[in-house]
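Student: what would the 3D arrangement of this be:
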Amino acid sequence: MRLLIHDLTEEELDKLSPKLDDDIKILPNTKEIHKCIGCFGCWIKTPTECVVKDYYSNMGKLINESDGLVIISRCCYGGFSPFVKNILDKSISYILPYFVMKDNMMRHKSRYSKQINLKAIFYGNHITEAEKDTATKLVHGNSINFNMKEHSVCFYENIQDIRGESI
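Tutor: Reported below is the predicted structural model:
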């Protein structure tokens, strides 16, 4: 099962539906989400689960149970949209609070040995080259921190252009 995190409206997602198969668990943006408060309870008190309960409290476990992670997000100044960023913040329990050196950089230690692929699809009118560069570096850093096997980044000007992309 692949996990799809997105910030699309239901109507926009429905337009992509012909490309989505039954092997995808879709995390809707219609459920209530609380912001990560940085308490580290998901590391210490309730490992892999956020102590601030909402629909997205078990993101660490969900990512571990998936075979791949797909993110569709509006490109916001070279980063993810606020909603997608919120979900990724609530996914911190997927890794451990301890640090290791990876590629001469300090990164979080992996909680799980399993590695999955990450695909980030950004959309937005007039995404600049600087924003593309920032987003590409962001996804690369996330893939290292989350111990991903491989990662890829795509950019589209319009949501409807994503329809041809394999998700």
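
Student: the closest residue to Asp103 other than its chain neighbours in helix, strand or coil?
Tutor: Beyond its immediate neighbours in the sequence, the residue positioned closest to Asp103 (CB to CB, 6 or more residues apart in numbering) is Ile144, lying 6.7 Å away. No exception for glycine: its C-beta is placed from N, CA and C like everyone else's. Under DSSP: H, G, I helix; E, B strand; the rest coil, Ile144 falls in the helix class.

Student: check contacts around Ile144.
Tutor: Contacts of Ile144 were listed using CB atoms under 8 Å, 6 or more residues apart in numbering, and they are Lys102, Asp103, Met105, Arg107.

Student: so how do I select the buried members of the residues you listed in PyMOL?
Tutor: Of those, the buried ones can be selected in PyMOL as follows, counting by 16 or more other CB atoms under 10 Å:
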select buried, resi 107
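
Student: now for the contacts of Ile144: which two are most distant?
Tutor: Using CB to CB, the two most remote members of the contacts of Ile144 are Asp103 and Arg107, lying 8.1 Å apart.

Student: which outside residues touch the helix or strand of the chain with the lowest mean pLDDT?
Tutor: Least confident helix or strand of the chain, by mean pLDDT, DSSP states H and E, is helix 10-16 with a mean of 85. If you take CB under 8 Å, 6+ apart as the criterion, helix 10-16 is touched by His6, Leu8, Ile26, Pro28, Thr30, Ile159, Gln160, Ile162, Arg163, Ile167.

Student: next SSE downstream of that helix?
Tutor: Sequence order places strand 24-27 as the next helix or strand after helix 10-16, per DSSP states H and E.
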